[in-house]
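Student: Next one to model:
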Amino acid sequence: MIAASAIRLEVNVQVPLVRIKLINPPLNVIDLQMARELHQALTEIESQSNISVIVLEGDARAFSAGVDIKAHLPEQIHEMLIGFHAVIRAIVASRKVTIAAVRGACFGGGAELAAVCDMVYTAYDATWGFPEIKLGCYPPVAVVALPTLVGQKRATELILTGRQITGDEAVAIGLGTRSARAEELEKVIQETLTELGQLSPVALTHAKKAFYAWDAIHFDKGLARAEKIYLDELVSTTDAREGIIAFLDKRPPKWTGK
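Tutor: Next comes the predicted model:
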């Protein structure tokens, strides 16, 4: 496995499973280094036929509070967005069963990362949200994936208001698979891992390929369009820069509508 500092890989060949732990205290923010390491790890795991399950997790305080805010500035956003979306595309296209274990904060890019996994197990009191609109931008992955996952109206509310929800609500609307008390979450995940460990890896691979054949094609086209609007149109606006600068300066933004 790769040598990494922003993530940690734990292999269990009996399941067979790889756990990818996000490590960027205090809130596991996804910066360029983590995005690169995640993509490299996912690429390497994909080539290993003895691995059939990937579990993504953070820690008790946060799954991930999202993509690094500083990387949203115009001079950095292109590299950050393309790098992060490479991770998302790798998960969506993966032949492995992907599972997100969510505890604590799960915002923005972190919530997108969890949402595109096949199964999502969340602590009932975890906090989910897509707050990008409050920074003068929007979450490209969520605008494409969320309507399919939770329905158009719910997706619109979450993205256009930035409203936060609990893990219980995430499950109720279809964003999560199952919720549990934080201290019981691992037990719930282990039950699923045990079930998956008894199944044929090749059957799981083909089932995933068939299940996502239509959605994956349209997801990639939708994400490419969302990227283009973000990078070619939104980033050059005054409000987009103001939202990020105001957040970094810890002050309310002054919107101009330009």
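Student: what helix or strand is the residue nearest the centre of the chain on?
Tutor: The centroid of the chain falls nearest to L113 when counting by Cα atoms, centre = their mean (0.8 Å). Assignment of secondary structure by DSSP states H and E places L113 within helix 108-115.
Student: what stretches of the protein score poorly on pLDDT?
Tutor: 1-4, 13-15, 212-214 (pLDDT under 70).
Student: the longest helix in it is where?
Tutor: Using DSSP state H to assign secondary structure, the helix with the most residues in the chain is helix 74-93.
Student: E227: how many residues sit nearby?
Tutor: Here the count is done by other Cβ atoms under 10 Å, and E227 has 17 residues near it. Bear in mind the C-beta positions are built from the backbone N, C-alpha and C, glycine included.
Student: and it, what are its phi and psi?
Tutor: Note on E227: its backbone torsions stand at phi -60, psi -50 [degrees, to the nearest 10].
Student: Could you do V102 as well?
Tutor: Torsion angles at V102 (phi, psi; degrees, to the nearest 10) stand at phi -110, psi 120.
Student: contacting residues for it?
Tutor: Contacts for V102 (Cβ atoms under 8 Å, 6 or more residues apart in numbering) come out as E57, G58, F63, A114, V120, Y121, T122, A123, A126, W128, G167, G176.
Student: ok, now with 10 Å
Tutor: 56-58, 62-64, 110-111, 113-115, 117, 120-123, 126-128, 167, 170, 175-176, 179, 182, 185 (Cβ atoms under 10 Å, 6 or more residues apart in numbering).
Student: Filter these down to just the ones in helices.
Tutor: Mapping those onto helices (DSSP H) picks out G110, A111, L113, A114, A115, G167, A170, L185.
Student: Might one say that the second one is in contact with L146?
Tutor: Read that as A111. Yes - judged on Cβ atoms under 10 Å, A111 makes contact with L146 at a distance of 9.3 Å.
Student: list residues touching both of the two?
Tutor: Jointly contacting A111 and L146 under the rule Cβ under 10 Å, 6+ apart are F130, P139, L158, L175.
Student: among these, which are in helices?
Tutor: Among the shared contacts of A111 and L146, the members falling in helices (DSSP H) are L158.
Student: Neighbour count and distance to V202 for the shared contacts of A111 and L146 - can I get that in TSV?
Tutor: Shown next, in TSV, are the shared contacts of A111 and L146 (neighbours: other Cβ atoms under 10 Å; distance: Cβ to Cβ, whole Å):
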residue	neighbour count	distance to V202
F130	29	36
P139	27	35
L158	25	37
L175	25	30
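Student: Out of the shared contacts of A111 and L146, which two sit at the greatest distance?
Tutor: Longest distance between any two of the shared contacts of A111 and L146 is 13.1 Å, between P139 and L175; criterion Cβ to Cβ.
Student: quick one: common contacting residues for these two?
Tutor: Counting by Cβ under 10 Å, 6+ apart, the common neighbours of P139 and L175 are A111, A115, A145, L146, L158.
Student: where along this structure do the strands fall?
Tutor: 7-12, 17-22, 53-57, 62-64, 97-102, 105-107, 119-123, 127-129, 165-166, 178-180 (DSSP state E).
Student: which ones are touching A126?
Tutor: 62-63, 101-106, 111, 114, 165-168, 170, 176, 179, 182, 185.
Student: so I229 makes contact with S236?
Tutor: No - between I229 and S236 there is no contact under Cβ under 10 Å: 11.3 Å.
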